[in-house]
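1. Dropping a prediction and its sequence here:
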Amino acid sequence: MNHLLIGRTLMVAAMLFGTTSIADIVVPKEINETDISIHRTDSSQSDEIGVLPFGESREWTGSTANWYEIRMTNGQPGFVSKRAARLIRTPPEKEVDELRIHYLNVGSGACTLVECPGQDAPPMVVDCGSVGAFSFDLDGPKAATYIQNVLANHATAPNVVISHPHTDHYDLIPDILDGIQTQNIWLGGDESGYKQAKFPEWKDVQETGHAELHVDHSADFHNNEQAMDPEVLGCGLADVFTLTVNTGDGPNPNSHVMEIRYADFGATFTGDAEGVTEEQADTNYDGNVKTTVLSASHHGASSHGSNDPDWIDATEPEIVIFSTGPRFGHPRCNVVERYEDKLATAPPHPTHCGDNSGFKRENASRLAKYVTATNGLIVITSNGTDPAELYCDGQTDCTAEIEY
């Protein structure tokens, strides 16, 4: 089965395009890559009445303890085992005045797409790279399919922000934006560090198409608590702030730390920020760095001061997102614990953390902490004032409304 087709089947069904609602669906688990049996009742002893082919989906109509009820192509009900299938919930349709952030599950990397509020607001890609993706993650073609389908709904060219020159933050960019002209490209760190084979050529093509390149910033460049010029880096009705970039010595501490602020809602993106980066961002904005949803620094690492307790105290996130796969043991359990007394409550959902003894799974967390490796694609939507709506497409539903 062609993986691009699988990606298109899953990702198009997982989102709403235009004005037509798409039902919640059940699909065979990608890790198995096999067709699965449809039974008459929620028992393996009941008659097999059909097959759900790998790469296809059926409408979800309900659940029992170990089974999903689906609507077959002939309109009749059937049941598939949760061991062999997974449920993909459909987030609500985005309204024009809403901010929507997509955290993609791309393995041990980071990839985020922002749909900005306002008519004809430019979307924004914030990092997109991967290391150590697994069969159930979005590989390059699947991530490209997902992002390109979302961008197809926007008439305005996107902006791109890459926090720093490590491949797990930028090596998918040439694929996901293949043939798509961008407006502004912001690169943290030294431009010479962006050596991944396709990226220099892609950047040259973008500049030929009149994209503005913003790179090689002065040490600790920031905006003095002022919103950025929308022509330079805008997000529609929301404001964009560079908290710091090029703060330390090396790619990680030089990460571009950025906040998008929309009325009472804030989202902060940290790249692989280290302790020195976090401290400088807080200093630059005189402690005014409180946010609603925080992308944890360095995938939830604790090395070199990343996710420092003082940074967590300053940002006070209601929601924390760990963009990571299992390859490097992220997020670290001691880091996750640092966030817990800040977070909003949420419906029970699975999560995990790692330490030197291995991974520890939490099957029913009631705190707003989410890991892309466990929760899959995570989508957060806010109109700036009402509770944020959270959706994920992992093995277990984690739909939630979270106040801030």
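-> Yep, it's here. Residues are numbered from 1 along each chain as shown.

2. Could you pull out the strands in the stretch 51-200 of the chain for me?
-> Under the criterion DSSP state E, counting those that start in this stretch, the stretch 51-200 of the chain contains strands at 58-63, 67-71, 77-81, 85-88, 99-103, 110-115, 124-129, 159-162, 184-187.

3. Adjacent strands (with direction) for the last one?
-> According to DSSP bridges, strand 184-187 forms sheet pairs with strand 159-162 (parallel), strand 212-214 (parallel).

4. Tell me how far the closest residue to residue 364 other than its chain neighbours lies from residue 150.
-> Spatial nearest neighbour of residue 364, excluding adjacent residues (CB to CB, 6 or more residues apart in numbering): residue 348 at 3.9 Å. From N, CA and C alone the C-beta is placed, and that goes for glycine too. From residue 348 over to residue 150 the distance is 29 Å, taken as CB to CB, to the nearest Å.

5. returning to what we had before: reformat the strands paired with strand 184-187 as CSV; add mean pLDDT and distance to residue 114.
-> Listed next are those as CSV, based on pLDDT from 0 to 100; distance: least, CB to CB, whole Å:
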stretch, mean pLDDT, distance to residue 114
strand 159-162, 98, 9
strand 212-214, 97, 17
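
6. quick one: contacts for the residue minimising distance to the centre of the chain?
-> Centroid check for the chain by CA atoms, centre = their mean gives residue 103 as the closest residue, at 0.6 Å. Neighbouring residues of residue 103 by CB atoms under 8 Å, 6 or more residues apart in numbering: 111, 112, 295, 321, 323, 370, 372, 377, 378, 379, 380.

7. Surely the first one is in contact with residue 143?
-> Yes. Taking CB atoms under 8 Å as the definition, residue 111 is a contact partner of residue 143 at 6.1 Å.

8. what do these two both touch?
-> 104, 128, 130, 172, 176.

9. out of those residues, who has the most neighbours?
-> With neighbours taken as other CB atoms under 10 Å, the top of the shared contacts of residue 111 and residue 143 is residue 172, carrying 31 neighbours.

10. contacting residues around that one?
-> Residue 172 touches 106, 109, 111, 128, 129, 130, 140, 143, 144, counting by CB under 8 Å, 6+ apart.

11. on that earlier part again, quick one: the shared contacts of residue 111 and residue 143 as JSON lines, columns for distance to residue 354 and pLDDT too.
-> Listed next are these as JSON lines, based on distance: CB to CB, whole Å; pLDDT from 0 to 100:
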{"residue": "104", "distance to residue 354": "21", "pLDDT": "94"}
{"residue": "128", "distance to residue 354": "23", "pLDDT": "96"}
{"residue": "130", "distance to residue 354": "18", "pLDDT": "88"}
{"residue": "172", "distance to residue 354": "24", "pLDDT": "94"}
{"residue": "176", "distance to residue 354": "28", "pLDDT": "93"}
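
12. got any ranges where this protein has weak pLDDT?
-> Residue ranges of the chain with pLDDT under 70: 1-22, 32, 132-140, 395.

13. any chance you could map the helices in it?
-> 3-14, 140-151, 173-176, 199-208, 230-233, 275-284, 309-315, 333-339, 372-375 (DSSP state H).

14. that older thread, can I get the contacts of residue 103 in JSON lines including distance to residue 70 and neighbour count?
-> Formatted as JSON lines, the contacts of residue 103 follow (distance: CB to CB, whole Å; neighbours: other CB atoms under 10 Å):
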{"residue": "111", "distance to residue 70": "30", "neighbour count": "28"}
{"residue": "112", "distance to residue 70": "32", "neighbour count": "22"}
{"residue": "295", "distance to residue 70": "35", "neighbour count": "28"}
{"residue": "321", "distance to residue 70": "30", "neighbour count": "27"}
{"residue": "323", "distance to residue 70": "31", "neighbour count": "29"}
{"residue": "370", "distance to residue 70": "26", "neighbour count": "27"}
{"residue": "372", "distance to residue 70": "26", "neighbour count": "28"}
{"residue": "377", "distance to residue 70": "21", "neighbour count": "22"}
{"residue": "378", "distance to residue 70": "24", "neighbour count": "25"}
{"residue": "379", "distance to residue 70": "23", "neighbour count": "23"}
{"residue": "380", "distance to residue 70": "28", "neighbour count": "25"}
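
15. from these, which single one is nearest residue 358?
-> Residue 358 lies nearest to residue 372 out of the contacts of residue 103, by CB to CB, at 19.1 Å.

16. Is it correct that that closest one is in contact with residue 108?
-> No. The pair residue 372 / residue 108 is not scored as a contact, 9.7 Å apart, by CB under 8 Å.

17. how much space is there between residue 316 and residue 263?
-> 17 Å.

18. re the thing from before, who wins for proximity to residue 363 among the strands paired with strand 184-187?
-> Comparing the strands paired with strand 184-187 against residue 363 with CB to CB, the closest turns out to be strand 159-162 (34.7 Å).

19. distance between that closest one and the chain's centre?
-> Centre-to-centre, strand 159-162 and its host chain are 14 Å apart (CA atoms, centre = their mean, to the nearest Å).

20. List every C-alpha atom in that strand, with coordinates, as CSV.
-> Taking Å, rounded to 0.1, in the frame of the first residue of the first chain, the C-alpha atoms of strand 159-162 are listed here in CSV:
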residue,chain,number,x,y,z
ASN,A,159,5.6,32.4,6.8
VAL,A,160,8.3,30.1,8.1
VAL,A,161,10.2,30.2,11.4
ILE,A,162,13.0,27.7,12.1
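
21. That's all I had, so thanks and see you.
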